[in-house]
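Student: have a look; sequence and predicted model below, questions after that.
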Amino acid sequence: MSATTQSPASKQPGTGKTTGANRAAGRAATTELVSWKAGVGLGLLAILGTVLFGFLANTKSAGFRIAEARDPNASSTAAWVTLVVALAAAGYLGYRWISQRREGGGVDRWIPATTIAAVVVLGLAALGVAQVEKITVPSMVFGWICALLLLGLAGYAILLTLQRRRTPGWLGGLFAVVFLVGFMIWIVAGGRDPEPSISLGGLMAGAVTLAVPLVFGSLSGVLCERAGVVNIAIEGQLLLGAFSAAVVATVTGNVYVGLISAAVAGALVSLVLAVVSIKYLVNQIIVGVVLNVLISGLTSFLFSTLLTADPENLNKPGRLQAVDIPFLADIPIIGPILFRQSLVGYLMYVAVIVVYVGLFHTKWGLRVRAVGEHPQAADTVGINVNRTRFINVLMGGAIAGIGGSFFTLVSVDAFSKDMSGGRGYIALAAMIFGRWNPIGAFLAALLFGFADNLQSIITIIGSPVPSQFMAMLPYALTVIAVAGLVGRSRPPAADGIPYVKG
Amino acid sequence: MKLELKGITKRFGSLVANDHIDLVVEPGQVHCLLGENGAGKSTLMNVLYGLYDPTEGEILVDGKPVVFKDPGEAMAAGIGMVHQHFMLIPVFSVAENVALGNETTKAAGLLNLEATREKIRRISDQYGFDVDPDAMVEDLPVGVQQRVEIIKALVRDAEVLILDEPTAVLTPQETDELLDIIRQLKRDGKSIVFISHKLREVKAISDTITVIRRGKVVGQADPTASPTELASAMVGRTVSLTLDKAPAKTGEVTFKVRNLTVTDHNGQHVVDDLSFDIAKGEVLAIAGVQGNGQTELTEAILGVQPHVAGSITLDGEELLGKSVKHVLGAGVGFVPEDRTLDGLVGTFTIAENMILDLYDKAPFARGVGMKPGLIAENAAKKVEEFDVRTPSVSAAVGTLSGGNQQKVVLARELSRPLRLFIASQPTRGLDVGSIEFVHKRVIAERDHGTPVMIVSTELDEVLQLADRIAVLYRGRLVGIVPATTSRDVLGLMMAGVPAAEAEANASAHASGVTAAPTVSEPAGHEGETHV
């Protein structure tokens, strides 16, 4: 070997030493690739908040009515019981959180969220116990407080970015809460009345109700996509579910039969999706979109020819009445929001829990997730990939169909043209926002339902923002969610890819 | 358990992947299937494992004929398989992966992962695997992932274990550990089918060797046969396993890399502060186990990596931050590691693929038009020169065999005057004949006075081609050593042991003193505070 060949090595006297030190480090060094997304995004929102809630605030106060109880005695008892239970739960969870932190090991993933939930319930129960009927806040002062908090939080995020550190998740969450509070105060104070106010309980209860079809739709998406099939046809499944619930319930005179037929109708749409995309490997997104257009056309045609000709015998399904759950429905604020639902509403709670437990804690769920992540691996351990996908897509369709029955059996008692109004797509967004997790999707759908209901309430009391802008809110939230301001969401690895053996 | 394959034939359309193959695997035996890439070894095992239906032939377990419709039935019969590409779900924990398809459940179908964890711990202790049941698979090194695959088979009480090219992704040390595990399994009475084209391992581990060539069994070989004999049996003609090359006549240093750092999207330094030079007329081989920054290094030079810091100069010109087109224009020839993904457009013709980077320059272009006649003529010439076996230059590149595809890439990259030649995994998936050809062309380019950088995870290839060897470990340069360095030392360096220490360890090992090359988790790293 010539001298020239060796010269490069000898030019690096430090090589041996540095690699020694590197080796001792044991793992690769990292540079936090800090993205300015969070800092810039929060900064812009904070400026927007300051302008709206601070400079554009008006002198009126904003009133928030807490729901009135039907039966004061029962309500008071329920409030006390809830207060005690929530206090115990919050105390226990808080204790576990702190003790786990102190031990140095990681905190269980579910603890922070459930602790916050317990504290919120505690606060609401306290309001109930104190029998507060209305909270009135001066909008100018609170607007400025919120604006300053927002600026502070955004400033902290930018500071962290400058120090090349990552913005923690709680900061984004806190920012969102403060922004929401500021926004509500500002928008309510902008109402036409001299002392404008809205019913907080009504707002929340309406939000849960409006979220029902979204939750079913997003659960359908979760079931399909966790198994690796993209279900764009949720919109069509909701619509056909609504249609068939209306017609079958009218013809049979039984709303429950209508409900079942909605599930069957949704599953039928899924059957087409499954056969064409799983068996014949046609692009899943294209099939889904085509199905939506097809069902929109089909139901519109049948509606304008048959249903409008004879609404008495074909389009008068009657309603699923709201059912109070004894005791729980009496809890102030919480009761009317959560426990005065129709059968479809309660089915929603059951579906969320069943899908969650099923996906993450059962043999079935393990296999479904494996099929959606790495179908070949699932195949090599003897799981029938395409059968699993087929069944999941059918179940997803049935669930979305039940969601569709909400339109004709709960919300309005008649079918009308294109009445799902794009909620299938919002449900898809809720699924992504919720990171393909049933509980996440549920919460995201609630948020979208909230935005939807807020928009209609604001329109009633009159507001400084044109209602069209408010109507954009769910979509704007979706864009933010998908753009990743709320963290990275990772879809199942084999989502949308057909599985061909060999 | 005795396993017999009788007259197994598997056809895919007109292609005969397996042609009347007979094979007997005796209990407690390590049976090697030796054959080149594409000889039909994996197809045969996929037939045995129920992934493919055989066109003809039968499988007998302990003398009784069986039919496996899917892998589940094969597993139930006691056959386990560790695939070349691991069949593990990256976002699942070890326990979830092992449980999958073989779940223990409580009431109502609820998973009982604790039972699976217990099984994993038991097997892990028995064979010294040291696998944490709760670790996420994507966080584990490949060697450990492979053990998870073995655990998966053992949990299902596999009596016959098929290992498909198990050493392709391992360091030499990990390979030795795997061979030890195989010996232990053999002692426990398990049969092993070991598929490989690496002669060294096959010789080290097997009791019986069956050689497969072009879908047929061409004979049994004895483990004591010489590597050259085995290679000849595998290829079907006499081959020379050594490359004749003259010593390098190195000129001035024209290619310099200084403090090159590449950061991935997670903020990890996948290439970490690399500095090296290549002189005219020498081959610098970059050795290392796959995934230690080689891909990112070559891509950073080409200019397709975001987040690159440092400096890359060729003939004094800074290449970092320049466009790919500029880098190619500066005289860099680049053979990417995955030719089908980055090197060729499969549906384009050979002629078109030959000018993928020259399409807009004279003589192939005039204004916005191209000159199809000249392009075809150029292709015909190159096909001749590089011995590409094809019916026509207008055939789609995707229809060629791997070796011929690689020759097309080489023909394109070597067809213009170069000032630097980079080839990543130049012979991956190629047959012995094509490997010889590719190696000769690489050395010819070197002798032409071009600085050459070869990235390879195959130690044999590195040793054959290199004038100097740079070893990468976790994106860092472990050291640059002469081509005469022993395999043991290189193996240790590939696990992150610095050159001097590796020399000491290896010589201690050779002289019979117990060395302690437990290098994957060096002690004391917790104390390290810099980052």
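Tutor: All right, it came through fine. Keep in mind it's a predicted model, so treat the numbers as computed, not measured.
Student: of all of the stretch 251-400 of chain A, which residue lies closest to chain B?
Tutor: Among the residues of the stretch 251-400 of chain A, A:Gly382 lies nearest to chain B; the distance is 2.3 Å by CB to the nearest CB. C-beta: built from backbone N, CA, C; applies to glycine.
Student: so where does the residue nearest the centre of chain B fall, helix or strand?
Tutor: In chain B, the residue lying closest to the centroid (CA atoms, centre = their mean) is B:Ala168, at 4.8 Å. Under DSSP states H and E, no helix or strand contains B:Ala168.
Student: spatially nearest residue to it (excluding sequence neighbours)?
Tutor: The spatial neighbour of B:Ala168 that comes closest, neighbours along the chain excluded (CB to CB, 6 or more residues apart in numbering or on different chains), is B:Gln84 at 6.4 Å.
Student: got it, and A:Ser244?
Tutor: In this structure, A:Ser244 finds its nearest non-sequential neighbour in A:Ala265, 3.8 Å apart by CB to CB, 6+ apart.
Student: for the helix or strand where the one you found lies, output the C-alpha coordinates as PDB.
Tutor: Take DSSP H and E as the rule and A:Ala265 turns out to sit in helix A:255-274. In PDB, the C-alpha atoms belonging to helix A:255-274 read as follows (Å, rounded to 0.1, in the frame of the first residue of the first chain):
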ATOM      1  CA  VAL A 255     -88.900   2.500  14.400                       C
ATOM      2  CA  TYR A 256     -86.800  -0.300  15.700                       C
ATOM      3  CA  VAL A 257     -87.200  -2.300  12.500                       C
ATOM      4  CA  GLY A 258     -86.200   0.900  10.800                       C
ATOM      5  CA  LEU A 259     -83.100   1.100  12.900                       C
ATOM      6  CA  ILE A 260     -82.100  -2.400  12.000                       C
ATOM      7  CA  SER A 261     -82.700  -1.800   8.300                       C
ATOM      8  CA  ALA A 262     -80.400   1.200   8.500                       C
ATOM      9  CA  ALA A 263     -77.600  -1.100   9.700                       C
ATOM     10  CA  VAL A 264     -78.400  -3.500   6.900                       C
ATOM     11  CA  ALA A 265     -78.400  -0.700   4.300                       C
ATOM     12  CA  GLY A 266     -75.000   0.600   5.500                       C
ATOM     13  CA  ALA A 267     -73.600  -3.000   5.400                       C
ATOM     14  CA  LEU A 268     -74.900  -3.300   1.800                       C
ATOM     15  CA  VAL A 269     -72.900  -0.300   0.700                       C
ATOM     16  CA  SER A 270     -69.900  -1.800   2.400                       C
ATOM     17  CA  LEU A 271     -70.500  -5.100   0.600                       C
ATOM     18  CA  VAL A 272     -70.100  -3.300  -2.700                       C
ATOM     19  CA  LEU A 273     -67.000  -1.600  -1.400                       C
ATOM     20  CA  ALA A 274     -65.500  -4.800   0.000                       C
END
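Student: what residue in chain B comes nearest to chain A?
Tutor: Going by CB to the nearest CB, chain A is nearest to B:Gly72 of chain B, at 2.3 Å.
Student: could you give the number of residues near that residue?
Tutor: Residues lying near B:Gly72 (other CB atoms under 10 Å in any protein chain shown) number 19.
Student: show me what contacts it?
Tutor: Counting by CB atoms under 8 Å, 6 or more residues apart in numbering or on different chains, B:Gly72 touches A:381-383, B:50, B:101.
Student: doesn't the residue nearest to B:Ala168 lie inside a helix?
Tutor: No: going by DSSP: H, G, I helix; E, B strand; the rest coil, the assignment for B:Gln84 is coil, not a helix.
Student: so the spatially most central residue of chain A is in which element?
Tutor: The residue lying closest to the centre of chain A (CA atoms, centre = their mean) is A:Ala444, at 1.3 Å. Assigned by DSSP H and E, A:Ala444 falls within helix A:438-461.
Student: can you check B:Val455 too?
Tutor: strand B:452-456.
Student: for whatever helix or strand comes next after that strand, buried residues please.
Tutor: Counting by DSSP H and E, the element after strand B:452-456 in chain order, helix or strand, is helix B:459-465. Residues of helix B:459-465 classed as buried: B:459, B:461-465 (neighbour count, 16 or more other CB atoms under 10 Å in any protein chain shown).
Student: any idea which helix or strand comes after the helix holding A:Ala444?
Tutor: Tracing the chain C-terminally past helix A:438-461 and defining elements by DSSP H and E, one meets helix A:467-471 next.
Student: what packs against the longest helix anywhere in chain A?
Tutor: Secondary structure of chain A read by DSSP state H shows that its longest helix is helix A:72-103. If you count contacts as 3 or more CB pairs under 8 Å, 6 or more residues apart in numbering or on different chains; DSSP states H and E, helix A:72-103 packs onto helix A:110-129, helix A:334-338.
Student: and B:His85, how far is that from A:Leu366?
Tutor: Distance of B:His85 to A:Leu366, given as CB to CB, to the nearest Å: 21 Å.
Student: for A:Leu223, same thing?
Tutor: 15 Å.
Student: between the two, point out the one with more neighbours.
Tutor: Counted by other CB under 10 Å, A:Leu223 and A:Leu366 do not tie: A:Leu223 has more neighbours, with 29 against 26.
Student: one step back: now pLDDT, distance to B:His20 and secondary structure too, for the contacts of B:Gly72, in TSV please.
Tutor: Output for the contacts of B:Gly72, formatted as TSV (pLDDT from 0 to 100; distance: CB to CB, whole Å; DSSP: H, G, I helix; E, B strand; the rest coil):
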residue	pLDDT	distance to B:His20	secondary structure
A:Val381	90	30	coil
A:Gly382	87	28	coil
A:Ile383	92	32	coil
B:Gly50	87	20	coil
B:Gly101	88	32	coil
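Student: can you redo those residues as a markdown table with distance to A:Met470?
Tutor: Formatted as a markdown table, those follow (distance: CB to CB, whole Å):
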| residue | distance to A:Met470 |
| --- | --- |
| A:Val381 | 50 |
| A:Gly382 | 52 |
| A:Ile383 | 47 |
| B:Gly50 | 58 |
| B:Gly101 | 50 |
